[in-house]
Every structure is written in C-alpha cells, then in structure tokens.
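Enquirer: Provided below are the primary sequence and the corresponding predicted coordinates.
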Amino acid sequence: MSIVTRFAPSPTGLLHLGHVASAMAGWRAAREAGGRFLLRIEDIDQTRCRPAYTTAILEDLAWIGLDWDGPVRVQSAHFPEYQAVLDTLAARGLLYPCFCTRAEIQREVLAAASAPHAPDGSLRYPGTCRGLSDSEREDRIAAGAPHVLRLDVAAALATVTTPLWFEDIRRGQIMCTPQQFGDVVLARKDTPASYHLCVTHDDAVQGVTLVTRGDDLRPATDLHRLLQAVMGWPVPRYAHHPLLSDESGRRLAKRDRAMSVRAMREAGMRADDIRKRAMLPS
Ligand code: GLU
C-alpha cells in the first residue's frame with residue numbers, strides 16, 4: 001500500500017519550528033517511500049483564521065523546500081461535506097442540541113465533578129442537555145434559543161462492536177478512551193463543523209495512511225478513532241511527536257513571533273538551518 005501523509009495547519013498565525021517538524025516528518029516519510037505528501041488548510045474557524053496567514057504558510061513551506069502533491073485542500077470550501085456527516089450522525093441519534101451557556105457549564109462542572117477537565121484543557125461537559133425530551137428541544141429551537149450540537153459519546157460507543165485502538169509508530173498499540181472528553185461539540189453557529197469532525201473526515205477522504213502531528217493532539221486521536229469507527233472510515237497510523245520548545249524550555253506557540261519561520265528568515269537564517277533545527281529525535 002502506498003503511503004499518504006499530510007500537513008494540516010490552521011491559518012491562525014505564522015508557522016513556527018514545531019509546525020515545520022510535523023510537516024517535515026510527514027514529507028520525509030512520504031518522499032522516502034515514494035508516497036504522497038498532501039497539504040490541507042484547516043480554516044473552518046473563520047473567526048480566528050486569516051487568508052494572509054494561509055498565504056504566509058504556503059510561502060514559508062515552499063521557502064523551506066517542502067513540496068506537496070496535488071492541489072491544497074482548503075476546508076472552508078467543503079462545508080456541505082461536513083454537514084452531510086453531521087446529518088448522518090443526527091439520523092443515527094448520536095447528536096443532540098445543547099443550550100447551555102459557558103457560564104452554566106462552568107458552574108455545574110466545578111460544583112459537581114471531581115475531574116472537571118477534558119484532556120485538551122476544556123471543561124468536560126456534564127451532559128445536562130442530553131436528557132431533554134424531543135419536544136423540549138423542538139420548542140427551544142423554534143423559539144430561536146442559541147445552541148451547539150454535541151456528540152453523544154456513550155451512544156456512539158455503544159454502536160461500536162470491536163475494540164477501539166490505533167497504532168502509534170512511536171508507542172505501539174494505543175487503546176482509546178474517548179469518554180474522557182465528555183460529549184464534545186461537533187458544530188456551532190459560527191463554526192458549523194468542529195476540528196475533530198473535519199480532520200477525521202478529511203484524512204479519510206484524502207486517503208491519508210500516516211498522520212504526523214505533535215503530542216498535544218495525541219489524546220484527541222481517541223475521539224477521532226471513535227468517529228472513524230462510527231462512520232466506517234479507514235484508520236490511518238499515527239506518529240505523534242514530542243513538542244519543540246524554545247531555549248528557556250517553553251513550548252513554541254503561534255503567538256511567539258520571534259520563533260516563527262518568517263522571523264528567522266528575516267533574521268538571515270537559511271532554510272537548511274531551519275530544517276535542521278526542526279529535526280525530531282528518532
Ligand atoms: N489544524 C491543526 C492545528 O493546526 C492540526 C491538525 C492535525 O494535524 O491533525 O493545530
């Protein structure tokens with residue numbers, strides 16, 4: 001089977017060394033095996049993404065010397081596909097509308113739960129709206145009450161008959177516990193499809209066989225694996241890599257302009273040096 005890898009940045013800031021590390025890991029795996037390396041722009045959150053960052057990302061990758069195969073997939077051009085997935089999940093009774101405000105969730109979770117946070121640091125939703133009746137849901141939606149759509153994780157898990165695991169090439173077989181996220185939001189008004197839904201859908205439709213990304217997204221893979229099982233999508237292998245830090249040991253973030261590829265290039269650093277600095281320990 002031919003290998004297909006991808007780099008999937010969100011254009012919410014400039015690329016830094018950590019992104020280059022993820023991109024290079026995917027690029028190298030594809031090039032060494034005569035496979036394909038794809039580029040995808042994950043710009044579904046239109047409140048945070050900027051076209052100028054997309055332009056900068058494409059320029060910086062090309063300057064570093066990373067080339068990609070085929071056209072760039074831009075997620076904002078595919079909202080109807082994500083809607084179709086939401087429709088499928090809804091038809092199977094795996095989505096429910098949630099009317100809770102952030103403040104309500106915070107109050108309830110902090111009062112009741114012993115482990116209030118999901119692995120990504122967000123509050124773990126306690127399932128308040130899961131038990132609403134159909135008529136109550138319909139009345140509130142008809143009255144224009146703002147709401148998001150959540151995945152009923154327990155119901156989704158109940159549809160899966162085989163053990164949920166994936167292969168991480170650094171760690172081996174990993175058993176998945178998507179419950180630790182609680183019922184995640186899969187759609188909201190200003191972002192009609194969530195990261196979890198779009199990334200999993202796109203890896204499937206693009207035929208990605210190896211996902212290279214940072215360890216910060218390792219827990220999210222449990223959730224992605226659940227969506228793959230529920231939707232019948234193929235399961236890629238994963239290569240989650242350690243996150244890079246700056247000289248003081250702080251994790252790199254998009255807000256640190258000084259560590260961006262752009263700033264290093266402007267400071268006179270060569271593409272070759274940046275590629276070396278973004279090398280991951282094997
Ligand atoms: N778009 C995500 C980000 O920039 C990465 C998605 C992924 O590699 O799975 O953080």
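Expert: Yes, it's here.
Enquirer: Please make it C-alpha for all contacts and neighbour counts, starting now.
Expert: Fine.
Enquirer: Can you report how many residues neighbour the nearest residue to Gln179 once chain neighbours are set aside?
Expert: Setting aside the residues directly before and after it, Gln179 is nearest to Val153 in space (CA to CA, 6 or more residues apart in numbering), at 6.4 Å. Residues lying near Val153 (other CA atoms under 10 Å) number 20.
Enquirer: Could I get the full set of strands for the stretch 151-282 of the chain?
Expert: 165-168, 172-175, 185-187, 210-214, 237-241 (DSSP state E, counting those that start in this stretch).
Enquirer: what about the fourth one and the ligand, touching?
Expert: Yes - part of strand 210-214 sits near the ligand under the criterion CA under 6 Å from any ligand atom, namely Arg213.
Enquirer: got the residues of the protein near the ligand?
Expert: So the chain meets the ligand at Ala8, Pro9, Ser10, Glu42, Val199, Arg213 (CA under 6 Å from any ligand atom).
Enquirer: 5 Å instead, please
Expert: Applying CA under 5 Å from any ligand atom, we find that the chain lies next to the ligand at Ala8, Pro9, Ser10, Arg213.
Enquirer: Point me to the helix or strand that includes Asp87.
Expert: Asp87 is located in helix 79-91, with elements delineated by DSSP states H and E.
Enquirer: let me fix that: Phe37
Expert: strand 36-41.
Enquirer: List the residues that contact the residue nearest to Gln179.
Expert: Leu94, Pro178, Gln179, Gly182, Asp183, Val184 (CA atoms under 8 Å, 6 or more residues apart in numbering).
Enquirer: follow-up on the earlier one: between which two of the residues of the chain next to the ligand is the distance greatest?
Expert: Ser10 and Arg213 (12.7 Å; CA to CA).
Enquirer: Those two: who's more crowded?
Expert: Between Ser10 and Arg213, counting by other CA under 10 Å, Arg213 is the more crowded of the two (25 against 22).
Enquirer: And Ala115, how far from the ligand?
Expert: Distance, Ala115 to the ligand, by CA to the nearest ligand atom, to the nearest Å: 25 Å.
Enquirer: who's in contact with that residue?
Expert: So Ala115 contacts nothing (CA under 8 Å, 6+ apart).
Enquirer: I'd guess it is in a helix, am I close?
Expert: No - according to DSSP: H, G, I helix; E, B strand; the rest coil, Ala115 belongs to no helix; its state is coil.
Enquirer: Where does the prediction get shaky in this protein?
Expert: 1, 113, 252-258, 282 (pLDDT under 70).
Enquirer: ranges for the helices of it?
Expert: Taking DSSP state H as the test, the helices found in the chain are 17-32, 51-64, 79-91, 102-112, 134-142, 153-158, 195-205, 220-231, 261-266, 271-277.
Enquirer: other SSEs contacting the second one?
Expert: Translated: helix 51-64. Counting contacts by 3 or more CA pairs under 8 Å, 6 or more residues apart in numbering; DSSP states H and E, helix 51-64 is packed against helix 271-277.
Enquirer: re earlier: check which residues of the helix holding Asp87 are buried.
Expert: Tyr82, Gln83, Val85, Leu86, Leu89 (16 or more other CA atoms under 10 Å).
Enquirer: and Leu61, what does it touch?
Expert: Val20, Asp67.
Enquirer: What is the burial count for the nearest residue to Ala8 once chain neighbours are set aside?
Expert: Distances taken as CA to CA, 6+ apart put Arg40 closest to Ala8, at 4.6 Å, once the chain neighbours are dropped. The number of residues packed near Arg40 is 20, by other CA under 10 Å.
Enquirer: can you check Ala23 too?
Expert: 24.
Enquirer: any idea how far it lies from Val153?
Expert: Going from Ala23 to Val153 by CA to CA, to the nearest Å gives 31 Å.
Enquirer: do Asp273 as well
Expert: In terms of CA to CA, Asp273 sits 45 Å off from Val153.
Enquirer: now swap in Leu243 and tell me
Expert: Taking CA to CA, one finds Leu243 at 29 Å from Val153.
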